[in-house]
Structure formats: C-alpha cells, structure tokens
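Undergrad: sequence unknown, structure follows:
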C-alpha cells in the first residue's frame with residue numbers, strides 16, 4: 001500500500017486503478033453496502049483523492065458501469081466483424097459476449113444485477129450500451145433475412161423482433177450460466193443460435209407455427 005501511495009502516475013492511469021478497486025468492492029458488497037474508504041484503501045490512495053478524481057460514490061459507480069459496458073460492447077463488435085456471413089458474425093459476437101461474462105464476472109454482477117434501479121445517470125449508461133448492442137444485432141439479423149431469401153418475406157419489424165429476442169435471451173442466459181459453470185460460452189451460444197436463428201431460418205422457408213383450431 002505504501003509503495004502505491006508514493007507512485008506518481010498519470011491521471012488516466014490512476015483513474016483506472018480507482019475504477020478497478022471500485023469494481024471489485026461494488027461487485028463484492030453491492031452499491032449500498034460499499035464504502036469509499038475500502039475503495040481508497042484497495043486503490044492505495046486517500047479517500048479525499050478518490051473524491052477528487054471521480055467526485056462521489058455514485059460517480060465511482062457510473063465510471064464502473066461506463067467502462068465495463070464499453071468493454072462489453074467493444075468485445076461484441078470486434079468479434080462480430082470477423083465472420084464472412086451474418087450468422088457467423090452473430091455467432092462470433094454472441095460468443096464474445098458470453099466469454100466476457102464468464103471471464104469478467106465482477107463486471108457483469110455490477111452491470112446486470114446492481115445497476116438497474118440505481119438512478120438516472122446509471123440507467124442512461126446501461127441504455128446506451130444496450131442500444132449499441134441492439135443496433136449491431138438488428139443489422140446482422142436484417143442481413144441474414146436479406147441473404148436468406150425464402151418463401152416468406154420478413155421485414156424490418158421482424159428483424160427488430162428477432163434482435164430483441166436474442167439480446168433478451170442472452171441477458172437471461174447469463175444467470176443460467178452461473179448455475180451451470182461447466183457450460184462453455186461457445187456451447188451456450190450454439191444453443192441460442194439453434195433456438196432463435198434456426199427458427200428464423202425455418203420461418204423464411206415457410207415453416208410457420210399456428211395454434212390449433214378448436215374442434
């Protein structure tokens with residue numbers, strides 16, 4: 001701790017160290033139980049310095065949410081650029097999403113479990129990240145519909161519907177992953193693609209389910 005306090009670091013580097021410490025404490029304690037004293041101790045600086053850098057406890061939490069949501073979106077986007085077809089790009093992006101959740105569990109605890117209901121500034125950070133991912137997924141689904149052709153014509157509203165189903169399912173499946181830690185991110189992605197993407201492909205081919213008529 002003493003060595004840390006003596007180091008003179010660029011502001012940007014010091015801020016990242018503070019955010020690292022805050023993320024650890026928030027994921028472990030929860031927002032309300034977390035105290036700035038512990039964050040300062042872990043970061044190796046004084047409590048007044050934490051406030052000088054990031055303003056308040058809420059400012060610390062917002063910084064954690066902003067950084068980790070940007071990392072998550074960047075991981076999805078970078079992976080999704082690698083495929084040579086819409087379905088391969090979506091597969092890669094979703095695999096990166098689930099891998100991020102598995103490898104950065106503390107980040108996901110803060111983003112997924114602690115952030116909802118914590119205030120307008122935090123809600124906006126989460127909404128912005130979700131809009132970014134949704135736009136990426138919707139574009140890939142729309143490309144898949146266009147390239148897939150088929151007997152049934154699907155439009156922009158259908159692409160938006162499928163994208164919401166995929167993103168919503170991915171969010172929910174992160175809780176399922178925690179209950180089944182033996183499941184690899186790639187395996188979870190495969191199951192989701194089979195449930196949603198194959199289903200959309202079947203609809204394009206004319207296979208549409210309808211409730212049975214009453215006798």
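TA: On my side now, so go ahead. None of these values were measured; they are calculated from a predicted model.
Undergrad: all contacts plus neighbour counts: C-alpha atoms, from now on.
TA: Will do.
Undergrad: tell me which residue is most central in this protein.
TA: Residue closest to the mean C-alpha point of the chain, counted by Cα atoms, centre = their mean, is residue 72 at 5.0 Å.
Undergrad: quick one: low-confidence parts of the chain?
TA: For the chain, the stretches with pLDDT under 70 are 1-7, 148-153, 214-215.
Undergrad: please parse it into its domains.
TA: For the chain, the structural domains run 2-55, 64-204, going by automatic domain parsing.
Undergrad: make JSON lines out of those and add distance to residue 210.
TA: JSON lines is the format used below for these (distance: least, Cα to Cα, whole Å):
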{"stretch": "domain 2-55", "distance to residue 210": "45"}
{"stretch": "domain 64-204", "distance to residue 210": "12"}
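Undergrad: which one of the ones you listed lies closest to residue 212?
TA: Nearest to residue 212, of all these, is domain 64-204, at 17.7 Å by Cα to Cα.
Undergrad: just the terminal-to-terminal distance for the closest one.
TA: Distance across domain 64-204, first residue to last, is 42 Å (Cα to Cα, to the nearest Å).
Undergrad: any idea how far that domain is from the middle of the chain?
TA: 8 Å (Cα atoms, centre = their mean, to the nearest Å).
Undergrad: tell me the SS of residue 32?
TA: Following DSSP: H, G, I helix; E, B strand; the rest coil, the label given to residue 32 is coil.
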